[in-house]
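1. can't give you the sequence, but here's the structure:
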């Protein structure tokens, strides 16, 4: 199929994004073509600014425009809790719930020997060495309920045994509207272990 070279180049570049295949990339190119030059320049400038400015918070590891993120800089957060999460996306999702007011620690991945991810490849050591102060009373482990998540959670729990602090985990129940026959065995197992007494 004939495509102008500039069209083809942009479509190819867009496929680096997750979930963007050839057809989706072509739709995006048509959409960009139909926008005003000002809007396209704003998009291009935002991409460049993002890539130049974004970094990991030197305390918690979350994405930030500065060396320290807004959460770690805040005086209004609960100093007694640290929530351990896999990545910055998890922080942003938890923040949207407005249920948690403590601090975070982003480990940037999960232990996965198959993918060559070992404990030393994750941001765990800084948690143990620098984050657990006398103010911290509870560590909340909020990792995905996958095999890798379970392995990583157990590893972190083991490291935390030497500290006199409460360690908790999110409850992984069966999602509303789900059929048990379609659920992952790990999900069923966690739901079983986390079952609540109702009478």
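-> Nice, I can see it. Values in this document were obtained by computation on a predicted structure and should not be read as measured data.

2. What helices and strands are in contact with whichever strand or helix holds residue 13?
-> Assigned by DSSP states H and E, residue 13 belongs to helix 5-14. Helix 5-14 sits against helix 22-34, with contacts defined as 3 or more Cβ pairs under 8 Å, 6 or more residues apart in numbering; DSSP states H and E. All C-beta spots, glycine's among them, are computed from the backbone N, C-alpha and C.

3. Show me which residues of the helix it packs on are buried.
-> Within helix 22-34, the residues scored as buried using 16 or more other Cβ atoms under 10 Å are 25-26, 28-29.

4. next one: stretch 68-77
-> Those would be 69, 71-72, 77, for stretch 68-77 by 16+ other Cβ under 10 Å.

5. rewinding a little: just the mean pLDDT for the helix holding residue 13, thanks.
-> Across helix 5-14, the average pLDDT comes to 96.

6. Grab the longest helix from the protein for me.
-> The helix spanning the most residues in the chain, taking DSSP state H as the definition, is helix 37-53.

7. Can you point out the buried residues in that helix?
-> Buried residues in helix 37-53 (16+ other Cβ under 10 Å): none.

8. for the following helix or strand past it, packing partners?
-> Downstream of helix 37-53, the next assigned helix or strand under DSSP H and E is strand 55-56. Applying 3+ Cβ pairs under 8 Å, 6+ apart, one finds that strand 55-56 contacts strand 63-64.

9. Work out the gap between the strand it packs on and the centre of the chain.
-> For strand 63-64, the separation from the chain centroid amounts to 11 Å (computed by Cα atoms, centre = their mean, to the nearest Å).

10. chain center to the helix or strand following it, what's the gap?
-> As assigned by DSSP H and E, the chain's next helix or strand after strand 63-64 is helix 70-73. Mean-position distance between helix 70-73 and its chain equals 17 Å (Cα atoms, centre = their mean).

11. So for helix 70-73, mean pLDDT?
-> 97.

12. can you check stretch 150-162 too?
-> 94.

13. quick one: contacts of that stretch?
-> 84, 107, 110-112, 119, 122, 124, 127-128, 132, 139, 141, 143, 167, 169, 186 (Cβ atoms under 8 Å, 6 or more residues apart in numbering).
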